[in-house]
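>>> Here is my input; please provide its structure:
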Amino acid sequence: MSIKVSNLSKTYGAQTAVNKVSFSINNGEIVGFLGPNGAGKSTTMKMITGYLEADGGLVEVAGIPVRTSSLATKKKIGYLPEANPLYYDMYVREYLEFIANIHQVAERSAALERVISMTGLTIEANKKIGQLSKGYKQRVGLAAALIHDPEVLILDEPTSGLDPNQIMEIRDVIKSLGQNKTILFSSHILQEVEAICDRVIIINKGNIVADDTLANLQMMNNGSQLVIVTFKEKVDASELSALDNVTTVREVAGNTFHLSTTEADAVRKQILELSLKNSLNIVSLQSESNSLEEIFKNLTKPK
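Below is the predicted model:
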């Protein structure tokens, strides 16, 4: 296994940030690591990379224990931290060459051109990092994480600050890298996780609350499905809540409602009957398995 985490713990004073967390990731897997702010995502990632020492538990990267062989594991890992620290007075090429020298990369010139092209930095490569937009600074951080061709990538919010076109480009980069690397990445953009990952780990208050494929999570989430309906006219949510087998109703925009249910077909039929009875015009009506957003909300909502 490329990453193995066993009973990993970290406390800050009286607060437990990570509570005996365990999971493993195989080579070639792209795994989304999700959780609310303060859930323990970044702390866990820092402990995996060796940038933060764990209070308890074990982390192995490519079979090498991080605690006793931190330098050896750092050679295996490409890490893009959430803060993405950069030297703003350095030029992009200069900075990446500096990182390549630290890693003692062979054929540095070729490696430099490879990551510049891969991360879409070609047109900005001769600028100072401080002159770049936030999105391009993020690309420089990703290029630095890739310069030594690591086996494992730990990416903490890799698409932060990118525009929609840049997000799609970086998404394609991550998916292509995932063919022969192990990738663990966090993101608050859940649509990105759905587009890239087959497997998701969700952490909440320092504890793992889900670790499974997205398909299984959708099936196991109380067997619930989502019925999405949009009316032309204004409709009171209470009328939809009164339908049989509807567990929750959420108005998401305008006259669009999300209804959670275990009987999607029956609920759609009732909605049609309601529209006929009250002379309502349905703009759209569809059902789908719960989205990652719904699963995330159900697993991390305050109790």
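>>> Could you use CA atoms for every contact and neighbour count after this?
Will do.
>>> Verify the stated contact: Met158 with Asn84.
Wrong residue type there; residue 158 is Pro, not Met. No: Pro158 lies out of contact with Asn84 (CA atoms under 8 Å); the separation is 9.4 Å.
>>> With neighbour numbers in mind, choose between those two.
Pro158 (24 against 16; other CA atoms under 10 Å).
>>> Check the secondary structure at the more buried one for me.
Secondary structure, DSSP: H, G, I helix; E, B strand; the rest coil: Pro158 is coil.
>>> shift numbering so it begins at 117
All set: I'll call the first residue 117, so the last point we hit is now Pro274.
>>> who's in contact with it?
For Pro274, the contact set (CA atoms under 8 Å, 6 or more residues apart in numbering) comprises 196, 198, 254, 258, 301-303.
>>> Give me the subset of these lying in strands.
If you go by DSSP state E, these have 196, 301-302 in strands.
>>> Quick one: those as a markdown table, columns for neighbour count and distance to Lys190 too.
Shown next, in a markdown table, are the ones in strands among the contacts of Pro274 (neighbours: other CA atoms under 10 Å; distance: CA to CA, whole Å):
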| residue | neighbour count | distance to Lys190 |
| --- | --- | --- |
| Leu196 | 25 | 12 |
| Phe301 | 24 | 17 |
| Ser302 | 26 | 19 |
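>>> just those residues now: which is nearest Val208?
The shortest approach to Val208 among the ones in strands among the contacts of Pro274 belongs to Leu196, at 16.0 Å (CA to CA).
>>> Kindly state the beta-bridge partners for that closest one.
Leu271 (DSSP bridges).
>>> just the strands in the protein please.
Along the chain, counting by DSSP E, strands occupy 119-128, 131-141, 146-150, 172-177, 180-181, 193-196, 268-272, 298-302, 315-320, 323-329, 341-347, 362-369, 372-377, 398-405.
>>> and the last one, which strands flank it?
What that stands for is strand 398-405. When DSSP bridges is applied, strand 398-405 pairs with strand 341-347 (antiparallel).
>>> roughly how far is the partner strand from the heart of the chain?
Relative to its chain's centre, strand 341-347 lies at 26 Å (CA atoms, centre = their mean, to the nearest Å).
>>> Touching, Gln386 and Ala358? I think so.
No: distance between Gln386 and Ala358: 10.4 Å, which falls outside the contact criterion (CA under 8 Å).
>>> Pick out whichever of these two has more residues nearby.
Ranked by neighbour count (other CA under 10 Å), Gln386 and Ala358 place Gln386 first, with 15 against 12.
>>> Can you check the pLDDT for the more buried one?
pLDDT for Gln386: 94.
>>> go on, Glu310?
At Glu310, pLDDT is 85.
>>> In space, what's closest to it - neighbours in sequence excluded?
In space, and not counting its chain neighbours, Glu310 is closest to Leu408: 7.0 Å by CA to CA, 6 or more residues apart in numbering.
>>> Was I right to think that neighbour contacts Cys313?
No: Leu408 is beyond contact range of Cys313, at 11.2 Å (criterion: CA under 8 Å).
>>> who touches both of the two?
Leu330.
>>> okay, now the domains of this structure?
119-334, 337-416 (automatic domain parsing).
>>> Now do the buried residues in stretch 271-288.
271-278, 282-283, 285-287 (16 or more other CA atoms under 10 Å).
>>> Then stretch 410-419?
411-412, 416.
>>> Could you dump the strands of the chain into a markdown table with distance to Arg209 and mean pLDDT added?
Listed next are those as a markdown table, based on distance: least, CA to CA, whole Å; pLDDT from 0 to 100:
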| stretch | distance to Arg209 | mean pLDDT |
| --- | --- | --- |
| strand 119-128 | 31 | 95 |
| strand 131-141 | 33 | 94 |
| strand 146-150 | 28 | 94 |
| strand 172-177 | 29 | 95 |
| strand 180-181 | 32 | 94 |
| strand 193-196 | 18 | 94 |
| strand 268-272 | 21 | 94 |
| strand 298-302 | 25 | 94 |
| strand 315-320 | 35 | 94 |
| strand 323-329 | 39 | 92 |
| strand 341-347 | 49 | 88 |
| strand 362-369 | 46 | 86 |
| strand 372-377 | 49 | 88 |
| strand 398-405 | 46 | 84 |
